[in-house]
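S.K.: Got a sequence here, can you build the structure:
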Amino acid sequence: KDLAADVVAFRRVYCDYQLGDKAAVRRGGEDFLKRFPASESANDIRFFRAMSADGDMRVNELKALDSEAVAPVRRAAALCELGKLLNSADAFERAQKVDPKGPFASYAKYYHAVVISSSKDPAVRRKAIEELLDVAFGKDKAISGNALYSAACLTFSDQRFSEAVALAKQYLRKHPDDAAKVRQLREIAAVSEYNSGKYSSAIEFCGDERGETFDMVRALATDRFGDKEKGMELAKLYLERYPSGAHRRQVEVLLARGEFAAAEKVVRDIRSRYDGRKRNPFDEAECGHHYVRALAAWSVLKAFDPTF
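M.R.: Residues are numbered from 1 along each chain as shown. Have a look, this model is predicted:
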């Protein structure tokens, strides 16, 4: 009884909005605006009604809230939602300008960075990373983790491998419980370290994780780190697990190089037995006499260099 009629009506619409009853929000909101058009809560009701609409109606009603007559915080919220619907960097940028210290400022900056990160211009992409890092190390903890994760992914896609690893490490330290993102960033860090020639670190990031990329990095990095035999075993294991794997060619190159070394050793051993001092260098009896030896030698040349 102590509450004003518009406050009671507002709370009813707000409850319907929180419950996700769009039809009730549209009806109740329309009734509210007819009864209390000058209420301080009128623009909040307009926002709830817009968010309960679909398609072009939602877009148009949100655009109507982009007005000087609307409170900055509600206007910024409408612009953020409009930016999401239209994938509009401009809408997110305006949201930041309208209410730079409001509750939607970090949200708007984060999504602005996400939108412009798809640009082909390296300078624009770099700006996106800077904005993501501003949010990641800002005061809004609710979105800082997503910003840090996105920054790590973007630096990796731009082949800024050292930076990607540094950001991945920070995420792993600050958000160890987000299993899906932790796994993705461990994968990014493993690939980055391998591409940077830091093979021991790449293996460490792989840990006990299983998956096509992890198994590929583990095999290649082990080989490059110096354990050729173990690298060959892991490469063969990869091909068994992923016969049509995306990284098959890279792993096959490792195997080919390893088998090439073994083949080269066989050829050198044979040449050392038929060196002209101990045996006839023009007639390798183990292979077959005379012309058969020539054919065998030719097959070795073809194996070493297919262009022959």
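S.K.: Excluding sequence neighbours, find me the nearest residue to the residue most central in space within the chain.
M.R.: A centroid search over the chain (CA atoms, centre = their mean) returns Cys153, at 4.2 Å, as the residue closest to the centre. Ranked by CB to CB, 6 or more residues apart in numbering and with sequence neighbours excluded, the top spatial neighbour of Cys153 is Ile188, at 6.8 Å. Glycine gets a C-beta too; all of them are placed from N, C-alpha and C.
S.K.: what separates the one you found from Gly28, distance-wise?
M.R.: For Ile188, the distance to Gly28 equals 47 Å [CB to CB, to the nearest Å].
S.K.: How about Glu229?
M.R.: 73 Å.
S.K.: More neighbours: these two, which one.
M.R.: Gly28 (23 against 10; other CB atoms under 10 Å).
S.K.: Let me see the contact set for that one.
M.R.: By CB atoms under 8 Å, 6 or more residues apart in numbering, the contact list for Gly28 reads 9, 12-13, 16.
S.K.: Helices of the stretch 151-300 of the chain, start to end?
M.R.: Under the criterion DSSP state H, counting those that start in this stretch, helices of the stretch 151-300 of the chain are mapped to 161-174, 179-195, 199-206, 212-225, 228-241, 248-273, 291-304.
S.K.: sorry, back to before: residues contacting the residue nearest to Cys153?
M.R.: Contacts of Ile188 (CB under 8 Å, 6+ apart): 152-153, 156, 164-165, 168.
S.K.: Try it again at 7 Å.
M.R.: 152-153, 156, 164, 168 (CB atoms under 7 Å, 6 or more residues apart in numbering).
S.K.: Grab the two from those that are most spread out in space.
M.R.: Cys153 and Ala168 (9.1 Å; CB to CB).
S.K.: returning to that earlier point: got a quick ChimeraX command for the buried subset of the contacts of Gly28?
M.R.: Here is the ChimeraX selection string for the buried members of the contacts of Gly28, based on 16 or more other CB atoms under 10 Å:
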select :9,13,16
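S.K.: Just to be sure, which of the contacts of Gly28 are found in helices?
M.R.: 9, 12-13, 16 (DSSP state H).
S.K.: Now render these as CSV, adding distance to Leu82 and pLDDT.
M.R.: Listed next are the ones in helices among the contacts of Gly28 as CSV, based on distance: CB to CB, whole Å; pLDDT from 0 to 100:
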residue, distance to Leu82, pLDDT
Ala9, 26, 96
Arg12, 26, 96
Val13, 21, 97
Asp16, 22, 97
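S.K.: Switch those over to JSON lines; also include distance to Ala76.
M.R.: Below are the ones in helices among the contacts of Gly28 laid out as JSON lines (distance: CB to CB, whole Å):
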{"residue": "Ala9", "distance to Ala76": "25"}
{"residue": "Arg12", "distance to Ala76": "25"}
{"residue": "Val13", "distance to Ala76": "21"}
{"residue": "Asp16", "distance to Ala76": "23"}
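S.K.: Of the residues you listed, which is the nearest to Glu40?
M.R.: Using CB to CB, the ones in helices among the contacts of Gly28 come closest to Glu40 at Ala9, 12.6 Å.
S.K.: Could you check how far the closest residue to that closest one other than its chain neighbours is from Tyr17?
M.R.: Computed as CB to CB, 6+ apart, the closest residue to Ala9 that is not its neighbour in sequence is Phe32, at 5.0 Å. The gap separating Phe32 from Tyr17 is 12 Å, by CB to CB.
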